[in-house]
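Undergrad: Below are the sequence and a predicted model for it; my questions follow.
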Amino acid sequence: MKPEKTKLENWICETEKIAVLTRPVLEDLQLSRLNSLLSSPAFRRGYYSNLPNRIESLSELSSLPFTTQEELSENSRRMAICSQADIKRIISDVTSGTTGPSKRVFYTETDIMHTIGFFAAGISEMCSNGDKVLIAMPQSGPSGLFELISAAVLRLGATPVACGVGKSFGEMADIMRSNRPDAFIGMPVPLFSLIRFMGSDFSVKRALISADSCPQSVETALVRALGTKLFPHYGSRETGLGGAVTCSAHSGMHIRENHIIAEIIAPDGFALPDGSQGELVITTIGLSAMPLIRYRTGDFCCIMPDACACGGVTKRLGAVFRDTNDEVSISSLDDALFSILQLVDYSIKKTDSGYEIFALHLGSENIAEEIRAAVLALYPNISFSVSSDLCLPERKPLYLGKRHIIS
Ligand SMILES: [Zn+2]
C-alpha cells in the first residue's frame, strides 16, 4: 500500500495557505521569505547588517557568509531581531546535553506556536486521538521542550505521560507499568536501556526518537522489541527545536522547509550535491526572534537524493551524527557494545592513561570480559579499563543528554 502523504506537508500547506505544494512553490516561498528578512529594518540594524538586502535566487545563498557556533555564542543578543518584550523563551546551554561554547537562542510566541504545530504534525505520524504518549525529554519550565511536545500531543487528542530525564530505571518502569503508554518520545538509548531493564513488560509500540543519534544496533533492537519502525526526528535550539521528521515511508526525515533552508557543505565550505555526506548548514527563515543565516550546525548527514515513497516534495535528511574527530568513536562503540545482550547502559571517560568504561548490566558475570573483547576488536592499540555493576532499580541512565566521551 502506498504510504500516506506526509503530515508535515499538510501542515505546511495549512500554515502557509498553499493549495498544492510543489517544489517551485516551496522554493518561491523560501526565496521570498529570505528576501523579506534580508531587507527588514530590524535585520539591517542587527548582527547581519553587512549582508546584501536581497538575493536574486536561492543558488545565491551560498555567496553569503556562514554563521559559526562561536559567533552565535558571542553575539546572541545582537542576532535577535525582535524587541525584548516579544521574547517569550530563551534556551541556553544549561538545558542542553550538547558540548561547545555557551549559546543563547531566543523565541517569540509565534516561533513557539509554529514549533508546536510542527511537532503535532510529526507526532501525528505515530499517534492519534486517545493514545497515551510517554515523554522522556527535559522538563525545563514553561515553553521548554517537554512542554511544547506535551502541547502538541494534547492537540492530537492524545494524553502526555510525564517522564522527563534523570529518573531511575525503577521509577521509569513504574511510570511505564502504571500508565501503559502506547508511544514514546525521547532519546533512543534511554528507551533501549529501559526496555532491556524491563524485559517484556512494556506497552510502548511506537517511538519518536530525537535529541541524539541512534546506534544501528540500538535501532535494530528497538524495532524488534516494539514491532514497528522508529520515527526519527532532528531538531536543535537553532532550528526552533523542531527541524525534520520522518513520514510513514520511514526513509529519512522531511525538513520543515517553509522555515528552514538546508545545505550540506564539505570541510572547505563548498556546497555538496544531494546524496553527499557533509556538515548540515541551516538558514532559519521562519524564526521571528532569531533567524540565522547559514548556521553551521556541527551535525553531519546528507540530503537524500531520491524522491520519497510518500510522494512528498520536501527534502529529507539522512541519519544525523556529530563529527568529533576523537580517536575513539562513541558511535562505533555504541554499535559494538549494545549488541551485548545483558548490557543496559554504559559510559566512557577519557583518562590520562586511556579510557574507562563503566557498564550497567542485567546479571551476566562475564560482561566486563565481553565488553573488553568487543573494544579490543575495535581499538587494539588503545588502553581501556572496564568495570561494571548490576543495574538495580535505583540506577539511572548514565547520560542525561547526548552520549559523549566524558573528559
Ligand atoms: Zn516521505
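TA: Arrived safely, thanks for sending.

Undergrad: list the buried ones in the longest helix seen in the chain?
TA: In the chain, taking DSSP state H as the definition, the longest helix is helix 23-39. Buried positions in helix 23-39, judged by neighbour count with 16 or more other CB atoms under 10 Å: V25, L26, L29, Q30, L31, R33, L34, N35, L37, L38. Bear in mind the C-beta positions are built from the backbone N, C-alpha and C, glycine included.

Undergrad: Repeat that for stretch 336-355.
TA: 336-340, 342-348, 355.

Undergrad: Now do the strands in the stretch 51-200 of the chain.
TA: 89-92, 104-107, 132-136, 159-162, 183-186 (DSSP state E, counting those that start in this stretch).

Undergrad: what lines up beside the lowest-mean-pLDDT helix or strand in the chain in the sheet?
TA: Across the helices and strands of the chain, mean pLDDT, DSSP states H and E gives its lowest value to strand 321-322, namely a mean of 80. If you go by DSSP bridges, strand 321-322 pairs up with strand 295-301 (antiparallel).

Undergrad: Need the residues that contact the strand it pairs with.
TA: Strand 295-301 has contacts (CB atoms under 8 Å, 6 or more residues apart in numbering) with 66-69, 72, 100, 234, 236, 238, 264-265, 277-284, 317-323.

Undergrad: filter these to the buried ones?
TA: Buried subset of the contacts of strand 295-301 (neighbour count, 16+ other CB under 10 Å): 67, 69, 72, 234, 236, 238, 264-265, 278-284, 317-322.

Undergrad: Show only the entries of those residues found in strands.
TA: Y234, I264, I265, G278, E279, L280, V281, I282, T283, L317, F321, R322 (DSSP state E).

Undergrad: ok, which pair from these is furthest apart?
TA: Distances among those were taken as CB to CB; the most separated pair is T283 and F321, at 21.6 Å.

Undergrad: Low-confidence bits of the chain, can you list those?
TA: Within the chain, the stretches with pLDDT under 70 are 1-5, 93-101, 323, 364.

Undergrad: Show me which residues of it sit near the ion.
TA: T6, C247, A249, C308, C310, G312 (CB under 5 Å from the ion).

Undergrad: cutoff 8 Å now
TA: For the chain, the contact set with the ion under CB under 8 Å from the ion comprises 3, 5-6, 246-249, 251-252, 254, 308-312, 314, 316.

Undergrad: taking those residues one by one, which sit in strands?
TA: Residues of those located in strands (DSSP E): H254, R316.

Undergrad: Can I get the buried part of the residues of the chain next to the ion as one PyMOL selection?
TA: A single PyMOL command suffices to select whichever of those are buried according to 16+ other CB under 10 Å:
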select buried, resi 3+5+6+246+247+248+249+251+252+254+308+310+312+314+316
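
Undergrad: circling back: can you list the strands of the stretch 51-200 of the chain in a markdown table and add mean neighbour count?
TA: A markdown table is the format used below for those (neighbours: other CB atoms under 10 Å):
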| stretch | mean neighbour count |
| --- | --- |
| strand 89-92 | 18 |
| strand 104-107 | 23 |
| strand 132-136 | 23 |
| strand 159-162 | 18 |
| strand 183-186 | 28 |
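
Undergrad: Can you add distance to E14 and give the ones you listed back as TSV?
TA: Listed next are these as TSV, based on distance: least, CB to CB, whole Å:
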stretch	distance to E14
strand 89-92	24
strand 104-107	21
strand 132-136	22
strand 159-162	23
strand 183-186	22
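
Undergrad: G46: which of those is closest?
TA: Ranking the strands of the stretch 51-200 of the chain by proximity to G46 (CB to CB) places strand 104-107 first, at 11.9 Å.

Undergrad: Give me the contacts around the closest one.
TA: Here strand 104-107 has contacts from 72, 76-77, 80, 82, 87-92, 115, 143, 237-238, 240, 287, 289-290, using CB under 8 Å, 6+ apart.
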